[in-house]
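Student: Show me how the following folds:
(one chain, ligands or ions: 1)
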Amino acid sequence: MASGPPKRAAQSGGDTLTHPGARPDDSAGMVRRFRIELVEGPAKGAVWDSSADRCSIGSSEGNDLVVADATVSRFHCEIRIDDAGARVRDLRSHNGTVVDGVHVIEALLRTGSLIRLGKTVARFEFGTEHNRLPLWEEARFGALSGASAAMRAVFALLSRSAERDVTVLLEGETGTGKSQAARSIHERSARRDRPFVVVDCGAIHGNLIESELFGHAKGAFTGAGEQRIGAFEEASGGTIFLDEIGELPLDLQPKLLRALEAREIRRLGTNTPRSVDVRVIAATHRDLRAEVNAGRFRADLYFRIAVVRIPMPPLRQRPEDIPALLDDLLASLHATPDEAATLRDPRVIARMTRAAWPGNVRELRNYVEQYLVFRAPPPVSELAPVSAPPPVDASVPYAQARDRVLSDFERRYFEALLRAHDGKVSRAAAAAGLDRRYLYRLLHRHGLGPERDPEA
Ligand SMILES: Nc1ncnc2c1ncn2[C@@H]1O[C@H](COP(=O)(O)OP(=O)(O)OP(=O)(O)O)[C@@H](O)[C@H]1O
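Tutor: Predicted structure coming up:
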(Lines give C-alpha, C1' and ligand atoms only; values in the text may rest on other atoms or scores of the structure.)
Protein backbone atom coordinates (compact mmCIF):
# COMPACT_ATOMS: atom_id res chain seq x y z
CA MET A 1 0.00 0.00 0.00
CA ALA A 2 1.07 3.58 -0.53
CA SER A 3 2.75 5.15 2.44
CA GLY A 4 2.37 8.78 3.46
CA PRO A 5 -0.22 11.18 2.11
CA PRO A 6 -1.38 10.16 -1.35
CA LYS A 7 -0.20 12.21 -4.31
CA ARG A 8 -2.91 13.60 -6.54
CA ALA A 9 -2.79 12.58 -10.18
CA ALA A 10 -4.00 14.78 -13.01
CA GLN A 11 -7.78 14.80 -12.84
CA SER A 12 -10.16 14.95 -15.70
CA GLY A 13 -12.65 12.10 -15.89
CA GLY A 14 -14.66 13.45 -18.77
CA ASP A 15 -16.57 16.53 -19.61
CA THR A 16 -18.50 18.00 -16.68
CA LEU A 17 -20.54 20.31 -18.82
CA THR A 18 -23.09 22.78 -17.69
CA HIS A 19 -25.55 23.96 -20.26
CA PRO A 20 -28.82 25.83 -20.33
CA GLY A 21 -30.49 22.67 -21.66
CA ALA A 22 -28.88 20.52 -18.98
CA ARG A 23 -31.13 19.67 -16.06
CA PRO A 24 -29.67 19.80 -12.55
CA ASP A 25 -32.78 18.92 -10.58
CA ASP A 26 -33.51 15.22 -10.42
CA SER A 27 -31.85 11.98 -9.47
CA ALA A 28 -31.54 10.73 -13.06
CA GLY A 29 -27.98 11.01 -14.26
CA MET A 30 -26.51 10.52 -10.79
CA VAL A 31 -23.44 8.29 -10.90
CA ARG A 32 -21.62 6.93 -7.91
CA ARG A 33 -18.23 8.45 -7.33
CA PHE A 34 -15.16 6.25 -7.29
CA ARG A 35 -11.50 6.56 -6.51
CA ILE A 36 -8.46 4.81 -7.90
CA GLU A 37 -5.23 4.63 -5.98
CA LEU A 38 -2.03 3.23 -7.43
CA VAL A 39 -0.66 0.88 -4.78
CA GLU A 40 2.24 -0.71 -6.69
CA GLY A 41 4.52 0.34 -9.52
CA PRO A 42 6.52 3.43 -10.47
CA ALA A 43 3.59 5.81 -9.93
CA LYS A 44 2.66 4.28 -6.55
CA GLY A 45 0.74 6.69 -4.33
CA ALA A 46 -1.12 8.54 -7.09
CA VAL A 47 -4.84 8.96 -6.48
CA TRP A 48 -7.61 9.77 -8.95
CA ASP A 49 -11.13 10.82 -7.96
CA SER A 50 -13.93 10.53 -10.51
CA SER A 51 -15.82 13.52 -11.76
CA ALA A 52 -17.92 11.61 -14.32
CA ASP A 53 -18.95 8.04 -15.06
CA ARG A 54 -15.73 6.67 -16.52
CA CYS A 55 -11.95 6.66 -16.28
CA SER A 56 -9.48 5.44 -18.86
CA ILE A 57 -6.08 4.37 -17.61
CA GLY A 58 -2.93 4.20 -19.71
CA SER A 59 0.58 5.50 -20.19
CA SER A 60 -0.38 7.98 -22.92
CA GLU A 61 -1.55 11.55 -22.44
CA GLY A 62 -5.22 11.70 -23.25
CA ASN A 63 -6.19 9.12 -20.63
CA ASP A 64 -8.08 10.27 -17.58
CA LEU A 65 -5.47 8.64 -15.36
CA VAL A 66 -2.01 8.75 -16.94
CA VAL A 67 0.36 6.15 -15.48
CA ALA A 68 4.07 6.61 -16.19
CA ASP A 69 4.96 2.92 -16.40
CA ALA A 70 6.48 1.31 -19.50
CA THR A 71 4.62 -1.94 -18.79
CA VAL A 72 1.27 -0.16 -19.03
CA SER A 73 -0.15 0.14 -22.57
CA ARG A 74 -0.90 3.51 -24.11
CA PHE A 75 -4.59 2.91 -23.54
CA HIS A 76 -4.71 0.03 -21.11
CA CYS A 77 -8.22 -0.23 -19.70
CA GLU A 78 -11.35 1.73 -18.93
CA ILE A 79 -13.52 1.73 -15.82
CA ARG A 80 -17.14 2.65 -16.22
CA ILE A 81 -19.97 3.06 -13.73
CA ASP A 82 -23.58 2.31 -14.61
CA ASP A 83 -26.69 1.05 -12.86
CA ALA A 84 -25.24 -2.47 -12.74
CA GLY A 85 -22.13 -1.32 -10.85
CA ALA A 86 -18.56 -0.66 -11.89
CA ARG A 87 -16.81 -2.58 -14.60
CA VAL A 88 -13.34 -2.56 -16.03
CA ARG A 89 -12.69 -3.37 -19.70
CA ASP A 90 -9.30 -4.19 -21.14
CA LEU A 91 -8.49 -2.15 -24.26
CA ARG A 92 -6.45 -4.96 -25.87
CA SER A 93 -3.46 -3.98 -23.79
CA HIS A 94 -0.12 -5.74 -24.27
CA ASN A 95 0.20 -7.11 -20.74
CA GLY A 96 -3.51 -7.59 -20.10
CA THR A 97 -5.72 -6.53 -17.21
CA VAL A 98 -5.82 -8.73 -14.11
CA VAL A 99 -8.55 -8.22 -11.51
CA ASP A 100 -8.00 -9.86 -8.12
CA GLY A 101 -5.63 -12.35 -9.72
CA VAL A 102 -7.77 -13.23 -12.77
CA HIS A 103 -6.98 -12.13 -16.36
CA VAL A 104 -10.10 -10.41 -17.67
CA ILE A 105 -11.43 -8.81 -20.83
CA GLU A 106 -14.25 -7.24 -18.83
CA ALA A 107 -15.11 -7.64 -15.15
CA LEU A 108 -17.24 -6.20 -12.40
CA LEU A 109 -15.36 -4.36 -9.67
CA ARG A 110 -16.10 -4.08 -5.97
CA THR A 111 -14.59 -1.77 -3.39
CA GLY A 112 -11.09 -3.01 -2.73
CA SER A 113 -10.65 -4.75 -6.12
CA LEU A 114 -7.00 -4.78 -7.17
CA ILE A 115 -6.40 -4.21 -10.87
CA ARG A 116 -2.97 -5.20 -12.17
CA LEU A 117 -1.71 -3.47 -15.32
CA GLY A 118 1.83 -4.62 -16.04
CA LYS A 119 3.88 -3.70 -13.00
CA THR A 120 1.29 -1.23 -11.75
CA VAL A 121 -1.47 -2.22 -9.36
CA ALA A 122 -4.51 0.05 -8.89
CA ARG A 123 -6.99 -0.22 -6.04
CA PHE A 124 -10.62 0.58 -6.89
CA GLU A 125 -12.95 2.05 -4.29
CA PHE A 126 -16.53 3.32 -4.44
CA GLY A 127 -17.15 6.72 -2.83
CA THR A 128 -20.19 7.57 -0.75
CA GLU A 129 -21.25 10.54 -2.87
CA HIS A 130 -22.54 10.89 -6.42
CA ASN A 131 -21.57 12.93 -9.46
CA ARG A 132 -24.31 14.46 -11.51
CA LEU A 133 -24.09 14.13 -15.28
CA PRO A 134 -25.60 17.09 -17.14
CA LEU A 135 -28.80 15.91 -18.81
CA TRP A 136 -30.72 17.38 -21.69
CA GLU A 137 -34.18 18.52 -20.61
CA GLU A 138 -36.12 16.88 -23.38
CA ALA A 139 -36.43 13.31 -24.57
CA ARG A 140 -35.55 14.35 -28.12
CA PHE A 141 -32.62 15.92 -29.91
CA GLY A 142 -33.01 16.48 -33.65
CA ALA A 143 -34.14 13.17 -35.13
CA LEU A 144 -32.96 11.23 -32.09
CA SER A 145 -35.32 10.30 -29.31
CA GLY A 146 -34.50 8.92 -25.88
CA ALA A 147 -35.86 9.57 -22.42
CA SER A 148 -33.20 7.53 -20.60
CA ALA A 149 -30.57 9.35 -18.56
CA ALA A 150 -27.92 7.79 -20.83
CA MET A 151 -29.41 9.37 -23.96
CA ARG A 152 -30.17 12.70 -22.29
CA ALA A 153 -26.53 12.85 -21.19
CA VAL A 154 -25.57 12.25 -24.85
CA PHE A 155 -27.96 14.99 -26.00
CA ALA A 156 -26.36 17.46 -23.56
CA LEU A 157 -22.94 16.63 -25.02
CA LEU A 158 -24.19 16.92 -28.60
CA SER A 159 -25.72 20.29 -27.87
CA ARG A 160 -22.57 21.59 -26.24
CA SER A 161 -20.48 20.31 -29.17
CA ALA A 162 -22.73 22.07 -31.66
CA GLU A 163 -21.83 25.43 -30.15
CA ARG A 164 -18.16 25.24 -31.06
CA ASP A 165 -16.12 24.00 -34.00
CA VAL A 166 -14.54 21.27 -31.89
CA THR A 167 -13.73 17.93 -33.56
CA VAL A 168 -16.02 15.20 -32.27
CA LEU A 169 -15.64 11.42 -32.22
CA LEU A 170 -18.93 9.52 -31.97
CA GLU A 171 -18.41 5.99 -30.71
CA GLY A 172 -20.96 3.22 -30.67
CA GLU A 173 -22.23 0.00 -32.11
CA THR A 174 -23.95 -0.10 -35.45
CA GLY A 175 -27.42 1.47 -35.46
CA THR A 176 -27.00 3.50 -32.26
CA GLY A 177 -27.62 6.78 -34.09
CA LYS A 178 -24.09 8.04 -34.79
CA SER A 179 -24.96 9.38 -38.24
CA GLN A 180 -28.07 11.11 -36.93
CA ALA A 181 -26.07 12.54 -34.03
CA ALA A 182 -23.48 13.97 -36.45
CA ARG A 183 -26.22 15.53 -38.53
CA SER A 184 -27.90 17.02 -35.49
CA ILE A 185 -24.62 18.65 -34.38
CA HIS A 186 -24.27 20.20 -37.83
CA GLU A 187 -27.89 21.35 -37.91
CA ARG A 188 -27.54 23.13 -34.58
CA SER A 189 -24.17 24.67 -35.39
CA ALA A 190 -23.36 28.01 -36.99
CA ARG A 191 -22.51 26.02 -40.15
CA ARG A 192 -26.07 24.73 -40.59
CA ASP A 193 -26.62 26.60 -43.88
CA ARG A 194 -23.47 25.15 -45.43
CA PRO A 195 -22.99 21.57 -46.70
CA PHE A 196 -22.94 18.45 -44.56
CA VAL A 197 -20.82 15.93 -46.47
CA VAL A 198 -20.65 12.27 -45.48
CA VAL A 199 -17.71 9.99 -46.33
CA ASP A 200 -18.10 6.35 -45.30
CA CYS A 201 -14.49 5.25 -44.92
CA GLY A 202 -15.63 1.63 -44.56
CA ALA A 203 -17.54 1.49 -47.81
CA ILE A 204 -15.00 2.98 -50.24
CA HIS A 205 -12.29 0.83 -51.71
CA GLY A 206 -8.85 1.56 -50.17
CA ASN A 207 -7.21 3.32 -53.11
CA LEU A 208 -10.26 5.45 -53.92
CA ILE A 209 -10.58 7.01 -50.47
CA GLU A 210 -7.81 9.52 -51.01
CA SER A 211 -9.49 10.91 -54.12
CA GLU A 212 -12.88 10.79 -52.38
CA LEU A 213 -11.52 12.89 -49.50
CA PHE A 214 -9.16 15.26 -51.28
CA GLY A 215 -10.17 15.11 -54.94
CA HIS A 216 -7.91 14.53 -57.92
CA ALA A 217 -6.48 16.25 -60.97
CA LYS A 218 -7.29 15.08 -64.48
CA GLY A 219 -5.14 12.04 -65.28
CA ALA A 220 -3.97 11.62 -61.66
CA PHE A 221 -4.53 7.87 -61.99
CA THR A 222 -5.92 5.43 -64.53
CA GLY A 223 -9.58 6.25 -64.98
CA ALA A 224 -9.29 9.83 -63.67
CA GLY A 225 -10.68 11.32 -66.89
CA GLU A 226 -11.78 14.63 -65.35
CA GLN A 227 -10.62 16.58 -62.36
CA ARG A 228 -12.82 16.16 -59.31
CA ILE A 229 -13.09 18.00 -56.04
CA GLY A 230 -13.07 15.89 -52.90
CA ALA A 231 -15.30 15.82 -49.84
CA PHE A 232 -13.15 18.32 -47.92
CA GLU A 233 -13.57 20.97 -50.60
CA GLU A 234 -17.21 20.06 -51.13
CA ALA A 235 -17.88 20.62 -47.42
CA SER A 236 -16.29 24.07 -47.53
CA GLY A 237 -17.76 26.26 -44.79
CA GLY A 238 -19.74 23.28 -43.49
CA THR A 239 -19.13 19.91 -41.86
CA ILE A 240 -17.47 16.73 -43.06
CA PHE A 241 -18.66 13.53 -41.40
CA LEU A 242 -16.04 10.79 -41.56
CA ASP A 243 -18.07 7.66 -40.84
CA GLU A 244 -16.25 4.47 -39.83
CA ILE A 245 -12.97 6.34 -39.45
CA GLY A 246 -11.44 3.20 -37.88
CA GLU A 247 -11.47 1.60 -41.36
CA LEU A 248 -9.19 4.27 -42.85
CA PRO A 249 -6.08 2.51 -44.25
CA LEU A 250 -2.89 3.18 -42.24
CA ASP A 251 -1.09 4.71 -45.23
CA LEU A 252 -3.79 7.38 -45.61
CA GLN A 253 -3.85 8.33 -41.95
CA PRO A 254 -0.88 10.77 -42.10
CA LYS A 255 -2.56 12.57 -45.02
CA LEU A 256 -5.76 13.01 -43.07
CA LEU A 257 -3.76 14.15 -40.04
CA ARG A 258 -2.06 16.81 -42.16
CA ALA A 259 -5.39 17.98 -43.52
CA LEU A 260 -6.80 18.28 -40.01
CA GLU A 261 -3.77 20.05 -38.58
CA ALA A 262 -2.91 22.44 -41.40
CA ARG A 263 -6.52 22.77 -42.60
CA GLU A 264 -5.30 22.36 -46.13
CA ILE A 265 -5.44 19.56 -48.67
CA ARG A 266 -3.82 18.64 -51.95
CA ARG A 267 -5.82 17.10 -54.74
CA LEU A 268 -4.33 13.79 -55.83
CA GLY A 269 -1.87 14.41 -58.67
CA THR A 270 -1.21 18.06 -57.78
CA ASN A 271 1.23 19.88 -55.53
CA THR A 272 -0.90 22.93 -54.86
CA PRO A 273 -2.14 23.15 -51.28
CA ARG A 274 -5.71 24.44 -50.90
CA SER A 275 -6.98 25.69 -47.62
CA VAL A 276 -10.24 24.26 -46.39
CA ASP A 277 -12.62 25.55 -43.74
CA VAL A 278 -14.48 22.50 -42.46
CA ARG A 279 -15.64 21.19 -39.17
CA VAL A 280 -14.87 17.49 -38.69
CA ILE A 281 -17.06 14.91 -37.02
CA ALA A 282 -15.96 11.27 -37.07
CA ALA A 283 -17.66 8.05 -36.03
CA THR A 284 -16.58 4.49 -35.40
CA HIS A 285 -18.01 1.23 -34.14
CA ARG A 286 -14.52 0.24 -32.92
CA ASP A 287 -12.68 1.35 -29.82
CA LEU A 288 -9.95 3.37 -31.52
CA ARG A 289 -7.80 3.20 -28.38
CA ALA A 290 -7.62 -0.57 -28.80
CA GLU A 291 -6.82 -0.01 -32.49
CA VAL A 292 -3.97 2.31 -31.45
CA ASN A 293 -2.65 -0.38 -29.09
CA ALA A 294 -2.80 -2.90 -31.94
CA GLY A 295 -0.89 -0.55 -34.28
CA ARG A 296 -3.80 -0.23 -36.71
CA PHE A 297 -4.59 3.39 -35.93
CA ARG A 298 -2.10 6.22 -35.43
CA ALA A 299 -2.05 7.68 -31.95
CA ASP A 300 -1.49 11.22 -33.28
CA LEU A 301 -4.54 10.98 -35.52
CA TYR A 302 -6.57 9.57 -32.65
CA PHE A 303 -5.70 12.57 -30.46
CA ARG A 304 -6.53 14.95 -33.29
CA ILE A 305 -9.96 13.39 -33.76
CA ALA A 306 -11.00 12.46 -30.23
CA VAL A 307 -11.09 16.02 -28.90
CA VAL A 308 -14.60 15.39 -27.61
CA ARG A 309 -15.66 11.74 -27.42
CA ILE A 310 -19.35 10.98 -27.32
CA PRO A 311 -20.25 7.34 -26.64
CA MET A 312 -23.65 6.39 -28.08
CA PRO A 313 -25.14 3.78 -25.72
CA PRO A 314 -26.44 0.50 -27.17
CA LEU A 315 -30.19 -0.07 -27.02
CA ARG A 316 -29.88 -3.01 -24.61
CA GLN A 317 -28.46 -0.62 -22.01
CA ARG A 318 -31.47 1.68 -22.22
CA PRO A 319 -34.54 -0.54 -22.69
CA GLU A 320 -36.68 2.21 -21.12
CA ASP A 321 -36.30 4.08 -24.44
CA ILE A 322 -38.05 1.34 -26.43
CA PRO A 323 -41.70 2.44 -25.98
CA ALA A 324 -40.97 6.00 -27.18
CA LEU A 325 -38.78 4.77 -30.03
CA LEU A 326 -41.55 2.40 -31.03
CA ASP A 327 -44.05 5.28 -31.07
CA ASP A 328 -41.67 7.30 -33.26
CA LEU A 329 -41.21 4.41 -35.67
CA LEU A 330 -44.92 3.62 -35.87
CA ALA A 331 -45.61 7.25 -36.71
CA SER A 332 -42.84 7.57 -39.28
CA LEU A 333 -43.81 4.26 -40.92
CA HIS A 334 -47.49 5.32 -41.02
CA ALA A 335 -48.76 2.34 -39.05
CA THR A 336 -52.55 2.03 -38.71
CA PRO A 337 -54.05 2.18 -35.19
CA ASP A 338 -54.59 -1.61 -35.26
CA GLU A 339 -51.02 -2.29 -36.26
CA ALA A 340 -49.76 0.09 -33.60
CA ALA A 341 -51.93 -1.56 -30.95
CA THR A 342 -50.49 -5.01 -31.76
CA LEU A 343 -46.93 -3.78 -31.33
CA ARG A 344 -47.77 -1.74 -28.24
CA ASP A 345 -49.16 -4.83 -26.53
CA PRO A 346 -47.41 -4.89 -23.11
CA ARG A 347 -46.29 -8.50 -23.69
CA VAL A 348 -44.65 -7.56 -26.99
CA ILE A 349 -42.98 -4.51 -25.42
CA ALA A 350 -41.79 -6.60 -22.45
CA ARG A 351 -40.18 -9.03 -24.86
CA MET A 352 -38.63 -6.17 -26.85
CA THR A 353 -37.13 -4.60 -23.74
CA ARG A 354 -35.43 -7.90 -22.89
CA ALA A 355 -33.98 -8.45 -26.37
CA ALA A 356 -30.30 -7.88 -27.14
CA TRP A 357 -30.79 -5.82 -30.37
CA PRO A 358 -27.26 -6.22 -31.77
CA GLY A 359 -28.28 -3.86 -34.61
CA ASN A 360 -29.73 -1.39 -32.08
CA VAL A 361 -32.33 1.16 -33.24
CA ARG A 362 -31.83 0.22 -36.90
CA GLU A 363 -32.71 -3.37 -36.04
CA LEU A 364 -35.75 -2.22 -34.08
CA ARG A 365 -36.83 -0.19 -37.10
CA ASN A 366 -36.34 -3.15 -39.46
CA TYR A 367 -38.27 -5.34 -37.07
CA VAL A 368 -41.24 -2.96 -37.01
CA GLU A 369 -41.08 -2.54 -40.80
CA GLN A 370 -41.09 -6.30 -41.31
CA TYR A 371 -44.18 -6.56 -39.19
CA LEU A 372 -45.93 -3.83 -41.15
CA VAL A 373 -45.01 -5.40 -44.49
CA PHE A 374 -45.99 -8.97 -43.64
CA ARG A 375 -49.00 -8.00 -41.49
CA ALA A 376 -48.27 -10.89 -39.18
CA PRO A 377 -47.64 -10.90 -35.47
CA PRO A 378 -43.94 -10.17 -35.05
CA PRO A 379 -41.90 -13.23 -34.16
CA VAL A 380 -40.80 -11.81 -30.82
CA SER A 381 -39.72 -15.28 -29.80
CA GLU A 382 -36.89 -14.92 -32.32
CA LEU A 383 -35.44 -11.87 -30.64
CA ALA A 384 -32.34 -13.01 -28.81
CA PRO A 385 -32.70 -12.13 -25.14
CA VAL A 386 -29.88 -10.13 -23.56
CA SER A 387 -28.52 -12.95 -21.49
CA ALA A 388 -30.28 -16.21 -22.28
CA PRO A 389 -27.83 -18.99 -21.47
CA PRO A 390 -27.74 -21.56 -24.29
CA PRO A 391 -29.33 -24.88 -23.31
CA VAL A 392 -26.87 -27.59 -22.37
CA ASP A 393 -27.38 -31.18 -23.48
CA ALA A 394 -25.07 -33.39 -21.44
CA SER A 395 -26.22 -36.57 -23.19
CA VAL A 396 -24.00 -35.91 -26.23
CA PRO A 397 -20.18 -35.79 -26.34
CA TYR A 398 -18.62 -32.44 -25.35
CA ALA A 399 -17.26 -31.55 -28.80
CA GLN A 400 -20.60 -32.25 -30.46
CA ALA A 401 -22.54 -30.23 -27.85
CA ARG A 402 -20.17 -27.31 -28.23
CA ASP A 403 -20.35 -27.37 -32.04
CA ARG A 404 -24.13 -27.41 -31.88
CA VAL A 405 -24.27 -24.36 -29.62
CA LEU A 406 -21.67 -22.51 -31.69
CA SER A 407 -23.43 -23.26 -34.93
CA ASP A 408 -26.75 -22.10 -33.49
CA PHE A 409 -25.13 -18.92 -32.20
CA GLU A 410 -23.49 -18.26 -35.59
CA ARG A 411 -26.75 -18.66 -37.49
CA ARG A 412 -28.68 -16.37 -35.14
CA TYR A 413 -25.83 -13.86 -35.09
CA PHE A 414 -25.63 -13.65 -38.89
CA GLU A 415 -29.41 -13.43 -39.25
CA ALA A 416 -29.48 -10.52 -36.80
CA LEU A 417 -26.43 -8.95 -38.45
CA LEU A 418 -28.03 -9.02 -41.90
CA ARG A 419 -31.30 -7.71 -40.48
CA ALA A 420 -29.42 -4.86 -38.81
CA HIS A 421 -27.73 -3.90 -42.07
CA ASP A 422 -30.68 -4.24 -44.42
CA GLY A 423 -29.05 -7.34 -45.95
CA LYS A 424 -26.01 -5.35 -47.12
CA VAL A 425 -23.12 -7.77 -46.77
CA SER A 426 -20.31 -5.18 -47.06
CA ARG A 427 -21.69 -3.09 -44.23
CA ALA A 428 -22.43 -6.20 -42.18
CA ALA A 429 -18.85 -7.43 -42.66
CA ALA A 430 -17.42 -4.04 -41.63
CA ALA A 431 -19.62 -3.90 -38.53
CA ALA A 432 -18.78 -7.47 -37.52
CA GLY A 433 -15.05 -6.96 -38.09
CA LEU A 434 -14.98 -9.77 -40.70
CA ASP A 435 -13.48 -10.00 -44.13
CA ARG A 436 -16.35 -9.70 -46.64
CA ARG A 437 -15.40 -12.85 -48.57
CA TYR A 438 -15.17 -14.80 -45.34
CA LEU A 439 -18.59 -13.52 -44.31
CA TYR A 440 -20.01 -14.72 -47.64
CA ARG A 441 -18.65 -18.20 -46.90
CA LEU A 442 -20.13 -18.19 -43.39
CA LEU A 443 -23.50 -16.99 -44.65
CA HIS A 444 -23.51 -19.71 -47.28
CA ARG A 445 -22.70 -22.33 -44.64
CA HIS A 446 -25.85 -21.29 -42.75
CA GLY A 447 -28.04 -21.13 -45.83
CA LEU A 448 -28.26 -17.35 -45.65
CA GLY A 449 -26.73 -16.36 -48.97
CA PRO A 450 -24.58 -17.29 -51.99
CA GLU A 451 -21.12 -18.72 -51.45
CA ARG A 452 -19.35 -15.83 -53.17
CA ASP A 453 -19.82 -12.12 -53.56
CA PRO A 454 -21.95 -11.95 -56.76
CA GLU A 455 -20.22 -8.66 -57.66
CA ALA A 456 -16.64 -9.87 -57.13
N1 LIG B 1 -32.18 7.54 -30.64
C2 LIG B 1 -32.79 7.37 -31.83
N3 LIG B 1 -34.00 7.88 -32.04
C4 LIG B 1 -34.64 7.71 -33.22
N5 LIG B 1 -34.12 7.04 -34.27
C6 LIG B 1 -32.90 6.53 -34.11
C7 LIG B 1 -32.16 6.67 -32.90
N8 LIG B 1 -30.97 6.05 -33.04
C9 LIG B 1 -30.96 5.55 -34.28
N10 LIG B 1 -32.10 5.84 -34.93
C11 LIG B 1 -32.49 5.41 -36.29
O12 LIG B 1 -31.84 4.15 -36.51
C13 LIG B 1 -31.28 4.08 -37.82
C14 LIG B 1 -29.76 3.95 -37.73
O15 LIG B 1 -29.21 5.16 -37.20
P16 LIG B 1 -27.78 5.70 -37.68
O17 LIG B 1 -27.57 5.41 -39.15
O18 LIG B 1 -27.65 7.11 -37.22
O19 LIG B 1 -26.85 4.73 -36.82
P20 LIG B 1 -25.26 4.55 -36.89
O21 LIG B 1 -24.81 4.38 -35.49
O22 LIG B 1 -24.67 5.66 -37.68
O23 LIG B 1 -25.14 3.18 -37.66
P24 LIG B 1 -23.87 2.62 -38.56
O25 LIG B 1 -22.69 2.62 -37.64
O26 LIG B 1 -24.31 1.25 -38.95
O27 LIG B 1 -23.73 3.57 -39.71
C28 LIG B 1 -31.71 5.35 -38.51
O29 LIG B 1 -32.94 5.07 -39.18
C30 LIG B 1 -31.94 6.33 -37.38
O31 LIG B 1 -32.85 7.34 -37.72
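
Student: When you work out contacts or count neighbours from here on, use the C-alpha atoms and nothing else.
Tutor: Will do.

Student: Just give me how far stretch 361-370 sits from the chain centre.
Tutor: The chain centre lies 20 Å from the centre of stretch 361-370; the measure is CA atoms, centre = their mean, to the nearest Å.

Student: do that stretch and the ligand meet?
Tutor: Yes - counting by CA under 6 Å from any ligand atom, the ligand has neighbours in stretch 361-370: 361-362.

Student: Not counting that stretch itself, show me its contacts.
Tutor: 175-177, 315, 329-330, 333, 357, 378, 416, 419-422 (CA atoms under 8 Å, 6 or more residues apart in numbering).

Student: can we see that at 7 Å?
Tutor: Stretch 361-370 is contacted from outside by 175-176, 315, 329, 357, 419-420, using CA atoms under 7 Å, 6 or more residues apart in numbering.

Student: These into a markdown table, with extra columns for secondary structure, neighbour count and distance to the ligand?
Tutor: As requested, the contacts of stretch 361-370 are exported to a markdown table (DSSP: H, G, I helix; E, B strand; the rest coil; neighbours: other CA atoms under 10 Å; distance: CA to the nearest ligand atom, whole Å):
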| residue | secondary structure | neighbour count | distance to the ligand |
| --- | --- | --- | --- |
| Gly175 | coil | 24 | 4 |
| Thr176 | coil | 23 | 4 |
| Leu315 | helix | 24 | 9 |
| Leu329 | helix | 19 | 8 |
| Trp357 | coil | 23 | 12 |
| Arg419 | helix | 21 | 11 |
| Ala420 | helix | 26 | 8 |
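
Student: just curious, which of those residues is nearest to Ile281?
Tutor: Of all those, the one with the least separation from Ile281 (CA to CA) is Thr176, at 15.9 Å.

Student: Go ahead and list the helix or strand containing the residue nearest to Arg54 when sequence neighbours are not counted.
Tutor: Excluding the flanking residues, the one nearest Arg54 by CA to CA, 6 or more residues apart in numbering is Arg80, at 4.3 Å. Using DSSP states H and E, Arg80 falls within strand 77-82.

Student: For that strand, which strands pair with it and how are they oriented?
Tutor: Strands adjacent to strand 77-82 in the sheet, as given by DSSP bridges, are strand 54-58 (antiparallel), strand 85-90 (antiparallel).

Student: What parts of this structure come near the ligand?
Tutor: Residues of the chain lying near the ligand (CA under 6 Å from any ligand atom): 143-146, 174-180, 325, 361-362.

Student: among those residues, which are in strands?
Tutor: Among the residues of the chain next to the ligand, the members falling in strands (DSSP state E) are 144-145.

Student: which pair in the contacts of stretch 361-370 spans the largest distance?
Tutor: The distance between the two most remote of the contacts of stretch 361-370 (CA to CA) is 16.4 Å, for Leu329 and Arg419.

Student: which residues in the protein form helices?
Tutor: 149-163, 178-187, 206-214, 231-234, 253-262, 288-293, 299-305, 322-332, 337-344, 346-354, 360-374, 398-420, 425-432, 436-445 (DSSP state H).

Student: Tell me which residues of stretch 180-198 come out buried.
Tutor: 181-189, 191-192, 194-198 (16 or more other CA atoms under 10 Å).

Student: For Arg80, give me its contacts.
Tutor: 53-55, 86-88.

Student: Kindly tell me how buried the closest residue to Thr128 other than its chain neighbours is, as a neighbour count.
Tutor: Spatial nearest neighbour of Thr128, chain neighbours left out: Arg33 (6.9 Å); criterion: CA to CA, 6+ apart. Using other CA atoms under 10 Å, Arg33 is surrounded by 20 other residues.

Student: how near is the residue positioned nearest the centre of the chain to Ser332?
Tutor: Most central in the chain under CA atoms, centre = their mean is Gly172, positioned 1.7 Å from the mean C-alpha point. Here Gly172 is placed at a distance of 24 Å from Ser332 (CA to CA, to the nearest Å).

Student: ok, how many other residues are close to Asp338?
Tutor: Neighbourhood size, Asp338 [other CA under 10 Å]: 9.

Student: pLDDT score for it?
Tutor: You'll see Asp338 listed with a pLDDT of 89.

Student: Glu369 now?
Tutor: The per-residue pLDDT reported for Glu369 equals 89.

Student: Equivalent analysis for Gly29, please.
Tutor: Per-residue pLDDT puts Gly29 at 75.

Student: got a list of what it touches?
Tutor: 132-133, 135, 149.

Student: do the same with Asn360
Tutor: By CA under 7 Å, 6+ apart, the contact set of Asn360 is 174-176, 314-315.

Student: again, 6 Å this time
Tutor: Neighbouring residues of Asn360 by CA atoms under 6 Å, 6 or more residues apart in numbering: 175-176, 315.

Student: just to revisit the earlier point, which of the strands paired with strand 77-82 is buried the deepest?
Tutor: strand 54-58 (a mean of 24; mean count of other CA atoms under 10 Å).

Student: what comes into contact with it?
Tutor: 13, 63-67, 73-80.

Student: between the residues you listed, which is nearest Ile240?
Tutor: Checking the contacts of strand 54-58 against Ile240 by CA to CA gives Asn63 as the nearest, at 26.2 Å.

Student: The contacts of Gly29 into CSV, with extra columns for distance to Gly215?
Tutor: Converted to CSV, the contacts of Gly29 look like this (distance: CA to CA, whole Å):
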residue, distance to Gly215
Arg132, 46
Leu133, 42
Leu135, 41
Ala149, 42
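
Student: So which of these is the closest to the ligand?
Tutor: Top of the list for closeness to the ligand, among the contacts of Gly29 and by CA to the nearest ligand atom, is Ala149 at 12.3 Å.

Student: Near the nearest residue to Ala340 once chain neighbours are set aside, how many other residues are there?
Tutor: In space, and not counting its chain neighbours, Ala340 is closest to Leu330: 6.4 Å by CA to CA, 6+ apart. Leu330: 21 surrounding residues under other CA under 10 Å.

Student: for the stretch 1-150 of the chain, what are the low-confidence residue spans?
Tutor: Scanning the stretch 1-150 of the chain for pLDDT under 70 picks out the ranges 1-27.

Student: before we move on, back to that, which of the residues of the chain next to the ligand has the largest number of neighbours?
Tutor: Thr174 (28 neighbours).

Student: Mind pulling the model confidence for that residue?
Tutor: Looking at Thr174, its pLDDT is 92.

Student: what's the answer for Arg419, then?
Tutor: The model's pLDDT for Arg419 equals 78.

Student: correct me, but Phe297 touches Ala290?
Tutor: No - with contact defined as CA atoms under 6 Å, Phe297 does not count as touching Ala290 (8.7 Å).
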